[in-house]
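Novice: Sequence first, then the predicted structure:
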Amino acid sequence: MSLLRAPHAIGFDDAPFSRTHRGDVAVFGAVYAGPTLHAVVRGRVRRDGRNSTDELTRLAALAGEHLGVVLLQGIALAGFNVVDLARLHAQTGRPVLVVARRAPRLERVRAALLEHVPGGARKWRLIEQAGEMEPCGGVYVQRAGLSLAGAQAALAALTVTGRIPEPLRAAHLIAGGVTRGHSAGQRV
C-alpha cells in the first residue's frame, strides 16, 4: 500500500461521558477518501471494558475495501478500554496509527490500571506491547503495520488544520456534536 497520495482512512474517537458513567460509550468513525469525508460509522464500547478491538474491526469493515489506514486518538477508548493494536492490524489487514498531541505519562497510566481498573494488568501489557510513542510530524505516534516513514507520510497526507489528521478531527467533532448537541468549544 502506498501512502504517498492521500490515503483512504478511518479515524475513531469516543463520545464524551461523565466520570460516573458505567456501561457503553458511543464510538464514531469518520471515513475519508483522501481529503474528503465520505461516511460516518457509529458503534459502542464498554466503559473500561475489553471490546474495543473487536468493535473497531467491525466498524472498519464498514469503511470498505479501499481503506488504507486506521487512525486512533490514543490507545484506549471509553476510559481504559485498551485497543490491541497488533490484533486490530491483523483483523483489519490495515495499518493502525495512534496519534496523540503529547506523550502519555506512562507511570500514571500504569498506576491507574494496576490499582483501579479490573483487568488492569492485561491492559497494561497491551500498552507495553504497542511500544513507546514516537515523535512524528509534530505529534506522537504508536503504530502497527506501518513504518515511521509511512506514519509520517500518512500524517502529511491527512492533516489539513493543526497537527491532528482530518479523520480524527472529524470523528472528535462528530462525537461531541452528537452527544452534547454541539461541538463548539471542543479542542481538536
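Specialist: Okay, I see it.
Novice: Let's check: the centremost residue of the protein is which one?
Specialist: Leu72 (1.4 Å; C-alpha atoms, centre = their mean).
Novice: Is the nearest residue to it once chain neighbours are set aside in a helix, a strand, or coil?
Specialist: Sequence neighbours aside, Val98 is the residue nearest to Leu72 in space, at 4.7 Å (criterion: C-beta to C-beta, 6 or more residues apart in numbering). In short, each C-beta sits where N, CA and C put it, glycine included. With DSSP: H, G, I helix; E, B strand; the rest coil as the basis, Val98 sits in strand.
Novice: Quickly note the distance from Val98 to Arg19.
Specialist: Val98 is 23 Å from Arg19, where distance means C-beta to C-beta, to the nearest Å.
Novice: repeat for Thr53
Specialist: Distance, Thr53 to Arg19, by C-beta to C-beta: 24 Å.
Novice: Looking at these two, which is more packed in?
Specialist: Between Thr53 and Arg19, Thr53 has the larger neighbour count (other C-beta atoms under 10 Å), namely 24 against 5.
Novice: Surely Ile174 touches Val40?
Specialist: Yes. With contact defined as C-beta atoms under 8 Å, Ile174 reaches Val40; the gap is 6.0 Å.
Novice: check contacts around Phe62.
Specialist: In this structure residue 62 is Leu, not Phe. By C-beta atoms under 8 Å, 6 or more residues apart in numbering, the contact set of Leu62 is Gly29, Val31, Ala39, Val41.
Novice: hang on, the residue nearest to Leu72 packs against Val70?
Specialist: No. At 9.5 Å, Val98 does not count as touching Val70 under the criterion of C-beta under 8 Å.
Novice: Who has more neighbours out of these two?
Specialist: Per other C-beta under 10 Å, whichever of Val98 and Val70 has more neighbours is Val70, with 29 against 24.
Novice: Quickly list what that one is bridged to.
Specialist: Val70 has these beta-bridge partners by DSSP bridges: Ile10, Val96.
Novice: Can we start the residue count at 37 from this point?
Specialist: Sure, I'll start counting at 37 from here, so that last one is Val106.
Novice: Spatially nearest residue to Val77, not counting backbone neighbours?
Specialist: Take Val77 and drop its neighbours on the chain: the residue closest to it by C-beta to C-beta, 6+ apart is Gly65, 4.2 Å away.
Novice: Thanks a lot, see you next time.
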